[in-house]
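Coordinates for the following, if possible.
(chains A, B and C)
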Amino acid sequence: MPAARTAPFGHGGRTVTTWLTDAWYVAGWDAEVDTQPLSRTICGVPMMFYRKLDRSVVAMRDACPHRLLPLSIGLREGDGIRCKYHGLLLGPDGVAQEMPIRTDPVNRRICAETFVTHERHRMVWVWIGDKAKADPALIPNLWPCSKPGWTFDGDYYHVECDYRLMIDNLMDLTHETHVHAGSIGQPEIMEAPIETRVEGEDVVVSRWMPGIEAPPFWRDALKLPGLVDRWQICRFVLPAAVMIDVGVAPVGAGATLEDHDQGARGIVVDFMTPETETSHHYFWGMARKFDVDDPGFTARFKRGQGGVFAEDKVILEAQQAAIRANPDLKLSAYRIDEGGVRARQMIARAIKARKAEVSAH
Amino acid sequence: MPAARTAPFGHGGRTVTTWLTDAWYVAGWDAEVDTQPLSRTICGVPMMFYRKLDRSVVAMRDACPHRLLPLSIGLREGDGIRCKYHGLLLGPDGVAQEMPIRTDPVNRRICAETFVTHERHRMVWVWIGDKAKADPALIPNLWPCSKPGWTFDGDYYHVECDYRLMIDNLMDLTHETHVHAGSIGQPEIMEAPIETRVEGEDVVVSRWMPGIEAPPFWRDALKLPGLVDRWQICRFVLPAAVMIDVGVAPVGAGATLEDHDQGARGIVVDFMTPETETSHHYFWGMARKFDVDDPGFTARFKRGQGGVFAEDKVILEAQQAAIRANPDLKLSAYRIDEGGVRARQMIARAIKARKAEVSAH
Amino acid sequence: MPAARTAPFGHGGRTVTTWLTDAWYVAGWDAEVDTQPLSRTICGVPMMFYRKLDRSVVAMRDACPHRLLPLSIGLREGDGIRCKYHGLLLGPDGVAQEMPIRTDPVNRRICAETFVTHERHRMVWVWIGDKAKADPALIPNLWPCSKPGWTFDGDYYHVECDYRLMIDNLMDLTHETHVHAGSIGQPEIMEAPIETRVEGEDVVVSRWMPGIEAPPFWRDALKLPGLVDRWQICRFVLPAAVMIDVGVAPVGAGATLEDHDQGARGIVVDFMTPETETSHHYFWGMARKFDVDDPGFTARFKRGQGGVFAEDKVILEAQQAAIRANPDLKLSAYRIDEGGVRARQMIARAIKARKAEVSAH
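Numbers count the residues shown, from 1 in each chain, chains lettered A, B, ... in the order given. Now for the predicted structure:
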């Protein structure tokens, strides 16, 4: 077996300092990973993922240890993978099982780097960093994805921007009015006060909109007339997740910012996995405890949310291009950006802490 | 208001030494700039241009001071622009008028860089350099574009080559024979002597072709039979214009190189605005004092000239690619290139003089 | 005439150390080079090739000495070439014959760099290096291409990978099983022993498969029933050729690895000419002494081989991309790679020897 990876995860051999290592990232939705290899570059490293006969997930460097051909274009054989070029067969542990010439003695020092994975919250997670520290307990607590009585589903998009620009976007509740003017935007969002606070390593931005008209989406979900109290609570979770607790409850039902299971409640769950310094994999879904048995809801919502997402993608990729075209300008932060600023600080602080930890050894 | 720009105009943060600063460049034809923003990178700087209600022109860095999203995809509001991302509203002076949250107090130190513009000769000019020196009197004297009794119109092309390669092209009257063999080329052009001289900061290349047959274009314009005297006078004007005085007069009408308003006369006016070091915006038009009232002439001429221009574009972009592919080779200059060589010297001398001026302060 | 080229052949002005200089490379098939210029970058240098009236080949830097426009888009005139931009006329020796203004005295120091070429083996060869050393006797001995009684034909492909990856591919006989599973692959190839040896500057990999069933291709060629002896002998020849002697003979006919003209025999001839460090021109053909008078054979074979080649192209370009995406990984060499390893050593040794030679002067 190969030694633990000592070189830092990076891009093109350079160390990248914009993402945290020794952390779990989402490699894909559970349904994206199947018997045929899925190729995906995670934190600068080309990887491929597939399921064994027992459905457990294998993650391997997407390069044959022999001549570097992507293993993802190879042929699955048993629980292993056979390279398409010379037929080197690797087991699910990445170790050679058969040489290009079948009768040659197997050199078991030949192996592809493997990565630790774990399935939770309907997602396949991959550990980026020192394998010895890969503890599933460190997987971000995205509890709504797994809560009994709730349902959870979502989608995947590739976005050509720094994953932190997406975090900025999600931690700011005001852009909806302008970017999504034609879809989910609502003027009240601009008027209600925002509160930003840090809870341990999380950053929480919340807004309480009491006694307002429910927008159509939430009216449908609530199935009751009358004014509602509405909430939006964004929670950033290291290394790169944002959960947005959203919903409405009838006025007087007793819902508060802290406790609001009285009405219609959903939690949008977003995970941003860096691909390169200026691109990322975006996984989003919605967990809900209303219309749980409506099979059409998720499909309609994914289609609808796809349109909203397309609006964000245009903006975020234009922003990344503008950052490149205006190298003398810097991003500014206003009051509304406090959530994103604190999330970035949390990332930077964690990166620094990991670095100090590694130096101390 | 922001201080005068101190960083040099450049590309990707580097100083570019191939174009003159503290100078006016054409940003667009007057008709190209309207109420909706026009995005155009000028001398390495992304800018956007729009007209206010009073039709005067606003030029602003095409990046929101908040999160750098191109302002050109924002929404026009009154005389200002509202960013599409978070809705920061900037006035036509670039200064913040409304924060993303409307009720927040406005921080008037927030502003987008603006640029000084001026309309003249049917074009919108933008000052590239120290704003304090932006004097409309310094706009190049392209007099035929504005002369009473004359008419002027033209078009815009984007060309993937150093703007100086286009100047070389325009200051040389011989390439027509080869590049434009099927259109405007004429063997006499190769036979008549060329004279190159410097007039102040201008470079003038002239050719007098006495007693020749008029080519079809000029025969139509003159509307007279018989031999003609023909002239071609190219004038380079800093920072990046070339005017080509062309026409024919009946033999014996008294036309000379210095004074030739006797026959059919037109002046092709070209302005090259650098975009990057290897691309530029090409604005060309023709001013004429014949067929002034023929509305079809300009349309026919633009269509015809478009074909001629397409021939030049192929050549110039192939030349730029060849410069890249042959890094060990240098451009040579022969006798026919004297106009281009002197024009480049004029640019280099002006750049040096500006630099000395700045150092002296 | 210009002095011998002193700058090393390279890419973008840098010296490239992956290919041998002072060597002959294939510029094109004889039929590819005709009266109209063929543009092709060889070892980092843009060149163009055409035939004179006497059908001999001219090779010239594909850049006009005047303004660098590719000469290949110029007009052929007599045995020379006239630049499409300003009409500079160059003779087949690259020297100016007529200036842009025809009446100007010709400056015969103006010239485009020319290259020494030689036709042999149905290919046009170009000498890359010091012209004084360009001896046709140094052209690689690809004897089957020119042998009386044999016929030879082939094709050209552009491949986006280091030419040495193609050499690795050709010097290894095992990849056929996996890459070409659906076409020419055969399990016996994996089972027969390989022998690798060095013969002077050549590297030879051979395999003898006695008493086997002939695969369909060879059954058709042999036109006899019964078991056969089959051979595959790959020979690497400096600077970048591989000849693969393949065929079958009836068991008992006396064929051996050394002498095997008894049955159906063909020799696949491959030449890899570097374009850049990560792309090359691939010329392949087959010389044969069976079905020599069957005009359909070559066409059918080219079409069939095209399919096989397409399989290799996918693999090789994916390998080159993987090398770029995994900068921390290195190619490994197993027993099957010995042919490629030794061929690369031969190249490296020859490069080192040439360098020592040049330093000694």
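
For whichever residue of the stretch 101-250 of chain A sits closest to chain B, what are phi and psi?
In the stretch 101-250 of chain A, no residue comes nearer to chain B than residue A:178, which is 4.5 Å away by CB to the nearest CB. Backbone N, C-alpha and C define where each C-beta goes, glycine included. Phi and psi for residue A:178, reported as degrees, to the nearest 10, are phi -100, psi -50.

what secondary structure does the closest residue to it other than its chain neighbours sit in?
Counting by CB to CB, 6 or more residues apart in numbering or on different chains, residue A:178 lies nearest to residue B:87, which is 4.5 Å off, once chain neighbours are set aside. Secondary structure state of residue B:87, per DSSP: H, G, I helix; E, B strand; the rest coil, is coil.

Any idea how many residues pack against residue B:87?
The tally of other residues near residue B:87 (other CB atoms under 10 Å in any protein chain shown) stands at 25.

quick one: contacts for it?
Shown in contact with residue B:87 (CB atoms under 8 Å, 6 or more residues apart in numbering or on different chains): A:174-175, A:177-178, A:190, B:98, B:100.

cool, and residue A:347?
By CB under 8 Å, 6+ apart, the residues touching residue A:347 are A:18-20, A:164, A:238-240.

Please identify which of those residues is nearest to chain C.
When the contacts of residue A:347 are ranked by distance to chain C (CB to the nearest CB), residue A:19 comes first, at 17.2 Å.

So what does the residue lying closest to the closest one once chain neighbours are set aside have for phi and psi?
The shortest distance from residue A:19 to any non-neighbouring residue, by CB to CB, 6+ apart, is to residue A:274 (4.6 Å). Dihedral angles of residue A:274 (phi, psi; degrees, to the nearest 10) stand at phi -60, psi 140.

what domains does the record give for chain A?
Using automatic domain parsing, the domain parsing of chain A gives A:18-138, A:147-357.

what does the stretch 201-350 of chain A put close to chain B?
A:315, A:318-319, A:321-323, A:325-329, A:331-332, A:334-337 (CB under 8 Å from any CB of the partner chain).

how does it look with 6 Å?
The interface of the stretch 201-350 of chain A toward chain B, taken as CB under 6 Å from any CB of the partner chain, is made up of A:315, A:318-319, A:322-323, A:325-329, A:331-332, A:336.

And those residues, which two are furthest apart?
Greatest spatial distance among those (CB to CB): A:327 and A:336, at 25.1 Å.

So for those two, which sits in the more crowded spot?
Between residue A:327 and residue A:336, residue A:336 has the larger neighbour count (other CB under 10 Å), namely 24 against 13.

and that one, which of the three is it?
Assigned by three-state DSSP, the conformation of residue A:336 is helix.

tell me the contacts of the closest residue to residue A:85 other than its chain neighbours?
Leaving aside its chain neighbours, residue A:85 sits nearest to residue A:69 (4.5 Å; criterion: CB to CB, 6+ apart). Counting by CB atoms under 6 Å, 6 or more residues apart in numbering or on different chains, residue A:69 touches A:83, A:85, C:319.

Stretch A:123-135: end-to-end distance?
Counting by CA to CA, to the nearest Å, you get 16 Å between the two ends of stretch A:123-135.

What's the mean pLDDT across it?
The average pLDDT for stretch A:123-135 rounds to 96.

wait, is residue A:177 part of a helix?
Yes. Judged by three-state DSSP, residue A:177 forms part of a helix.

And for it, the neighbour number?
Residues lying near residue A:177 (other CB under 10 Å) number 20.

Kindly provide the distance from it to chain C.
40 Å (CB to the nearest CB, to the nearest Å).

Show me the shaky parts of chain A.
By pLDDT under 70, the weakly predicted segments of chain A are A:1-16, A:181-190, A:361.

near chain C, which residues of it show up?
A:7, A:12-13, A:46, A:63, A:66-70, A:84-87, A:100-101.

follow-up on the earlier one: so how many other residues sit close to the residue of the stretch 101-250 of chain A closest to chain B?
Neighbourhood size, residue A:178 [other CB under 10 Å]: 22.

And residue A:275, which helix or strand is it part of?
Here residue A:275 sits within strand A:264-276, counting by DSSP states H and E.

Which strands or helices does that strand pack on?
Contact here means 3 or more CB pairs under 6 Å, 6 or more residues apart in numbering or on different chains; DSSP states H and E; on that basis strand A:264-276 packs against strand A:23-29, helix A:163-170, strand A:241-250, strand A:279-288.

beta partners for the residue in the stretch 201-350 of chain A that chain C sits nearest to?
Residue nearest to chain C within the stretch 201-350 of chain A: residue A:276 (10.3 Å; CB to the nearest CB). On the basis of DSSP bridges, residue A:276 is bridged to residue A:279.

ok, how many other residues are close to it?
Neighbour number of residue A:276 under other CB under 10 Å is 16.
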